[in-house]
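S.K.: sequence and predicted structure, then a few things I'm wondering about:
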Amino acid sequence: MKTSLIILTYNEIIGVKYFLNKLPLREVDEYLAIDGGSTDGTIDFFDKHKIPYYIQSKKGRGDAFRLAFEKASGDILIFFSPDGNEDPNDIPKFLDHANNGSGLVVASRFLPEAHNEEDEQTFKWRKWANQIFTLFANIIWNKNEYITDSINGYRAITRSTWETIKPDGDGYTIEYQTTIRSMKEGIIISEFPTYEEARLDNQIGSPSIPTGLAFLKLLYREIFNLK
């Protein structure tokens, strides 16, 4: 199967400079960037290094995922964010799982051998919230092996899975929705442990409270099959 590496960016000039020579680009058939409208030089960097890119007409990860499936030609799409959280050495692992029949592959921050960026903190608010949402998804929909990380954006999705589940989520809910709908459809989901580092720019990622509320709204929609 043909593989596409999708680099998701929005003002990630620090990350794209750091990761360009670390990405195993020879392991994939094509690579391209989906950008949310960067103004920090990220686009100029892509032009300089001849990295194909597409700029979103609408901001948000949901739109980024949909644009990626529209523009990429691969049968398997791997989504990588160059913010420092994700290990590029994991990219071949996605291929191993997808080529063995998994329709959705997630780099889990919560398997026994994994590491979450909050693990050294006393209060792991984001980790605990993620695990609660993951628990709900498993209890309600999962009929197979327990999935430990339903939300992490570092994942691979096959085109056949995407076309089956038809995700319409916005923002950071897109990952949670693809996991939930894959569970609903009985699609094979697999995980492997990943080591999550801190962001390179020391900035906070998704805002916790608005993102949590968006997840609750999505969970309600998926439970009652609302549009």
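M.R.: Alright, I've got the coordinates.
S.K.: which residues in this protein form strands?
M.R.: Taking DSSP state E, the strands of the chain run over residues 3-9, 30-35, 53-55, 76-80, 104-108, 155-158, 189-193.
S.K.: for the residue sitting nearest the centre point of the chain, give me the pLDDT.
M.R.: With distances taken as Cα atoms, centre = their mean, the residue of the chain nearest its centroid is Gly153 (2.1 Å). The score at Gly153 is 97. That number is its pLDDT.
S.K.: list the contacts for it?
M.R.: Listed by Cβ atoms under 8 Å, 6 or more residues apart in numbering, the contact set of Gly153 reads Leu8, Arg61, Phe79, Ser81, Tyr172, Glu175. Every residue, glycine included, has its C-beta placed from N, CA and C.
S.K.: show me how far stretch 215-227 is from its chain's centre.
M.R.: Put simply, stretch 215-227 sits 20 Å off its chain's centre (Cα atoms, centre = their mean, to the nearest Å).
S.K.: mind listing what's buried in that stretch?
M.R.: For stretch 215-227, burial by neighbour count (16 or more other Cβ atoms under 10 Å) applies to Phe215, Leu218, Leu219, Arg221, Glu222.
S.K.: again, but for stretch 106-113
M.R.: Going by neighbour count (16+ other Cβ under 10 Å), the buried part of stretch 106-113 is Val106, Ala107, Ser108, Arg109, Phe110.
S.K.: could you give the bridge partners of the third one?
M.R.: Think Ser108. Beta-bridge pairing for Ser108 (DSSP bridges): Pro193.
S.K.: wait, doesn't it sit right on Ala114?
M.R.: Yes - applying Cβ atoms under 8 Å as the test, Ser108 and Ala114 come out as touching, 5.5 Å apart.
S.K.: which residues do these two both contact?
M.R.: Asp149, Pro193, Thr194.
S.K.: spit out the contact partners of the last one.
M.R.: Which is Thr194. By Cβ under 8 Å, 6+ apart, the contact list for Thr194 reads Glu86, Asp87, Asp90, Ala107, Ser108, Arg109, Ala114, His115, Asn152, Tyr154.
S.K.: closest to Trp125 among those?
M.R.: Arg109 (14.2 Å; Cβ to Cβ).
S.K.: that older thread, which one of the contacts of Thr194 sits in the busiest neighbourhood?
M.R.: Ala107 (27 neighbours; other Cβ atoms under 10 Å).
S.K.: what residue ranges in the protein score low on pLDDT?
M.R.: Where the chain drops to pLDDT under 70, the residues are 202-206.
S.K.: at 90 instead, please
M.R.: 1, 59, 199, 201-211, 225-227 (pLDDT under 90).
S.K.: hey, where'd the helices end up in it?
M.R.: Using DSSP state H, the helices assigned to the chain run over residues 13-19, 42-48, 61-71, 91-99, 125-141, 159-165, 173-184, 208-223.
S.K.: what helices or strands is the second one leaning on?
M.R.: The contact analysis (3 or more Cβ pairs under 8 Å, 6 or more residues apart in numbering; DSSP states H and E) places helix 42-48 against helix 13-19, strand 30-35, strand 53-55.
S.K.: off-centre distance for that helix?
M.R.: Relative to the mean C-alpha coordinate of its chain, helix 42-48 is positioned 23 Å out (Cα atoms, centre = their mean).
S.K.: equivalent analysis for the fifth one, please.
M.R.: Helix 125-141 has its C-alpha centroid displaced from the chain centroid by 16 Å (Cα atoms, centre = their mean).
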